[in-house]
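[1] what follows is a predicted structure for the sequence shown.
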Amino acid sequence: MAYRCAAIPALVGGLLLTALLWWAGASAQALRLPGSGDVLGGQAAAELERWLLPWSYDPPASVRFDAESGAIGDTAAADAGRYLGLYSTAMQIRFFAVFAFFVPGALLLVRRLPPVRGRLTAALLALWAWGLVAGTLAVTVSAPWLIASHGRGSYRILPQLASVISTGRQALVATALVTALVTVLVARITAKGAGPLPQEVVPARAARLAATVGTGAIALSLVVLSYQPVAAAIQTVSPDGGLFSEPGDLLRTWLLLGAWDGPAGVQLGDWLLYRAADVLILVVVWWALRRLPVLLTRATVPAMAAGAVCATVLALLVSQLLRIATEWSGLRWGLLHASAVLGGGVPAAVTWGLVAGAAAAGGRRGGGGRAVHNGATSTRPGSAPARRRARRAGGVGGGAGARRARGGAWAPPPPHGRHDLRAGLRPAPARRLTGQGADPSRAVRAHHAAGPATSPGVRTPDGSRSAR
């Protein structure tokens, strides 16, 4: 798909995701009304408000100005307007970053994974996952201003940064899904009449090797780094004081896709059930990376990296839904409380998805999987690919390719430069010489001896003419 066709749905999706998140944040104030607790229940209203507050322009109690007493929260007692301005700036950066991160990724995905027949479901799921990625990156970029607005920006900055990054993901799950649906619908409208799209033919061995190499990178985080002793060692890593002390929480946020330990203290069946969710992540990632080079119109390294990130995010969502299904029956607070785990692990999915995509692209090339395009790259007759195909087929000129395409022996050009006007003043194709023993030199001599006044006839292999 051309850039101009892919830019429209990407821009529409970016604007819609930003608007939905702004609307969700503005709706957080309605949950504080007395009637919301009666309709939804006190626990459900509090849980929804906690989900929506990271996208609300209404500042929290720690930075909110108290108009009646003229004071503010405990941590920002010096200058109320300055801290409120920092909070407003943080939210402006957050919403602008959502749009700025979603549009380039959606443009790449829609162009390399257009939502046409055979690719519609994959494009929808990829755009849904990319909406989660864009929102998480926006929260990360705006986190320093948000931390500074609370008046304690210099105290344990890295643990605070890790805490802020993990917020706001529940609202992203729903808004990103709606955005993906609308983006796919607009992309299908803009893709009408674009002609057949190319599809790469990847050898099965190379595709399996690429998927295995990429899944190995995910397994490094999910199996090795997420093991509790190793995760505890990462948690205790700390430089000698300073502003960047205690980076353990931040490292765990960006490096660990899960957490697991041995079956000590629990039944073996329950332990295996929990581990089934981790195995499901690896299975989904391997299957997605196995299909990704075939689904992409061109398996470039950026496209493979973006696709691997989306595949890792989707695998995490699938595993979280499995855990909700297995744990919901034993929870006292219901489905809403169980759904709080949705959207977790996206920062680590971004880190290891990029590594897995680059590794899969390298493994595909190293395994002899130099892909071959199956399908026309351009439908215009005058395009460069069309001209190259015509030259290879011998449709233009009178070279060896043309002689092979006509399937006969060499034949002389028409006498006195006669042309076929219907073919655009190009020389008319010479008559094919029949017979196994045709002699080109004798045919040339007979042709020049005949001259232009010779009556039409059929030239025999020995150079003479016969009547029609």
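    Perfect, I can see it now. Everything numeric here is computed off the predicted structure, so don't read it as measured data.
[2] how much space between residue 356 and residue 165?
    To residue 165, residue 356 is 21 Å away according to CB to CB, to the nearest Å. C-beta coordinates here come from the backbone N, C-alpha and C atoms, glycine included.
[3] more neighbours: the two, which one.
    Higher neighbour count among residue 356 and residue 165: residue 356, with 32 against 20, using other CB atoms under 10 Å.
[4] residues touching that one, list them.
    214, 215, 217, 218, 285, 289, 308, 311, 312 (CB atoms under 8 Å, 6 or more residues apart in numbering).
[5] run the last query once more with 7 Å
    By CB atoms under 7 Å, 6 or more residues apart in numbering, the contact set of residue 356 is 214, 217, 218, 289, 308, 312.
[6] considering those residues, which possesses the most neighbours?
    Neighbour counts for those peak at residue 312, which has 36 neighbours (criterion: other CB under 10 Å).
[7] what's the host helix or strand of that residue packed up against?
    Per DSSP states H and E: residue 312 is located in helix 301-327. The contact analysis (3 or more CB pairs under 7 Å, 6 or more residues apart in numbering; DSSP states H and E) places helix 301-327 against helix 80-112, helix 120-149, helix 268-295, helix 346-366.
[8] what about the protein, any weak spots by pLDDT?
    61-80, 153-154, 193-200, 241-242, 328-334, 366-468 (pLDDT under 70).
[9] coming back round to it: in CSV, list the contacts of residue 356 along with distance to residue 257.
    Listed next are the contacts of residue 356 as CSV, based on distance: CB to CB, whole Å:
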residue, distance to residue 257
214, 14
217, 11
218, 7
289, 15
308, 13
312, 8
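[10] mind listing what's buried in stretch 259-269?
    For stretch 259-269, a neighbour-count test (16 or more other CB atoms under 10 Å) marks residue 260 as buried.
[11] alpha carbons of that stretch, as PDB, please.
    Taking Å, rounded to 0.1, in the frame of the first residue of the first chain, the C-alpha atoms of stretch 259-269 are listed here in PDB:
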ATOM      1  CA  ALA A 259       7.500 -14.000  37.400                       C
ATOM      2  CA  TRP A 260       7.800 -17.600  38.400                       C
ATOM      3  CA  ASP A 261       9.400 -19.900  41.000                       C
ATOM      4  CA  GLY A 262       9.400 -23.600  41.800                       C
ATOM      5  CA  PRO A 263       6.300 -25.500  43.000                       C
ATOM      6  CA  ALA A 264       7.300 -25.200  46.700                       C
ATOM      7  CA  GLY A 265       4.300 -24.700  48.900                       C
ATOM      8  CA  VAL A 266       1.600 -25.100  46.200                       C
ATOM      9  CA  GLN A 267       0.000 -28.100  44.600                       C
ATOM     10  CA  LEU A 268       1.700 -29.300  41.400                       C
ATOM     11  CA  GLY A 269      -1.600 -29.000  39.400                       C
END
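[12] do you know which of the helices and strands packed on helix 301-327 lies nearest residue 176?
    Comparing the helices and strands packed on helix 301-327 by their distance to residue 176 (CB to CB), the top pick is helix 120-149, with 2.6 Å.
[13] mind giving me the packing neighbours of the helix or strand harbouring residue 218?
    Assigned by DSSP H and E, residue 218 falls within helix 204-219. Contacting helix 204-219 under the criterion 3+ CB pairs under 7 Å, 6+ apart are the following elements: helix 268-295, helix 346-366.
[14] most tightly packed of those?
    helix 346-366 (a mean of 23; mean count of other CB atoms under 10 Å).
[15] circling back to that earlier point, now render the helices and strands packed on helix 204-219 as a markdown table, adding distance to residue 175.
    Shown next, in a markdown table, are these (distance: least, CB to CB, whole Å):
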| stretch | distance to residue 175 |
| --- | --- |
| helix 268-295 | 23 |
| helix 346-366 | 14 |
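[16] so what's the residue count around residue 161?
    So residue 161, with other CB under 10 Å, has 19 neighbours.
[17] which ones are touching it?
    Going by CB under 7 Å, 6+ apart, residue 161 touches 143, 147, 250.
[18] what's the neighbour count on the first one?
    Under the neighbour criterion other CB under 10 Å, residue 143 is assigned a count of 21.
[19] okay, now the nearest residue to residue 157 once chain neighbours are set aside: neighbour count?
    Closest residue in space to residue 157, ignoring its immediate chain neighbours: residue 243 at 5.9 Å, by CB to CB, 6 or more residues apart in numbering. For residue 243, the neighbour count with other CB under 10 Å is 11.
[20] next: the one 3 residues further on.
    Around residue 246 there are 17 other residues, counting by other CB under 10 Å.
[21] ok, it to residue 30 distance?
    Distance, residue 246 to residue 30, by CB to CB: 38 Å.
[22] for residue 158, same thing?
    Relative to residue 30, and taking CB to CB, residue 158 is found at 35 Å.
[23] more neighbours: those two, which one.
    The neighbour comparison of residue 158 against residue 30 (other CB under 10 Å) goes to residue 158, with 18 against 13.
[24] assumed that one was part of a helix.
    Yes. Membership of residue 158 in a helix is supported by DSSP: H, G, I helix; E, B strand; the rest coil.
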